[in-house]
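Visitor: got a predicted model here, sequence first, then my questions.
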Amino acid sequence: KQPPQRKNMASEAYALATLAQLDDIDTIEQASYPPDEPATREKLSFRISSANDYFLVATVAGKVAGYVCSTMAEGDSLTHDSMSGHVPTGTLLCLHSVVVEASHRRKGLGSRMLKEYVAR
């Protein structure tokens with residue numbers, strides 16, 4: 001038996017981020033944080049390229065609607081340095097962003113993205 005479908009979920013999909021999506025991801029990032037807090041385009045590009053296994057994008061009707069972005073670090077606590085790079089063999093997951101584009105907010109997409117992210 002399949003779980004009940006929610007409105008608009010049929011066009012919702014999840015996949016690892018690609019550099020082809022960087023423009024959309026950067027636009028959403030800049031619009032979602034105060035001016036001094038969003039990741040730079042360069043950081044986002046680095047995370048897509050170097051920590052791709054930890055960068056999940058949600059699309060709705062083929063367009064980027066949100067994403068969850070993390071890197072790995074060594075150690076047992078977060079530091080400014082641990083949040084700045086990516087150590088593929090690290091054991092500490094540094095969650096940078098859980099972002100939903102404004103028109104898709106308050107519809108459960110963020111929760112569904114996180115569930116998908118954890119399931120992977």
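Guide: Structure received. In this text the structure is predicted, and so the values were computed from the model without any measurement. Numbering: from 1, shown residues only.
Visitor: any buried residues in the top strand by length along the chain, and which?
Guide: The residue-count maximum for a strand in the chain (DSSP state E) belongs to strand 63-73. Buried residues in strand 63-73, defined by neighbour count with 16 or more other Cβ atoms under 10 Å: 64-73. The C-beta positions use only the backbone N, C-alpha and C, and glycine is treated the same way.
Visitor: packing partners for that strand?
Guide: For strand 63-73, the contact count by 3 or more Cβ pairs under 8 Å, 6 or more residues apart in numbering; DSSP states H and E identifies helix 22-32, helix 41-50, strand 55-60, strand 92-100, helix 109-119 as packing neighbours.
Visitor: 6 Å instead, please
Guide: Taking 3 or more Cβ pairs under 6 Å, 6 or more residues apart in numbering; DSSP states H and E as contact, the helices and strands that strand 63-73 lies on are strand 55-60, strand 92-100, helix 109-119.
Visitor: in CSV, list the ones you listed along with mean neighbour count, mean pLDDT and distance to S11.
Guide: Shown next, in CSV, are the helices and strands packed on strand 63-73 (neighbours: other Cβ atoms under 10 Å; pLDDT from 0 to 100; distance: least, Cβ to Cβ, whole Å):
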stretch, mean neighbour count, mean pLDDT, distance to S11
strand 55-60, 21, 98, 6
strand 92-100, 18, 94, 15
helix 109-119, 15, 95, 12
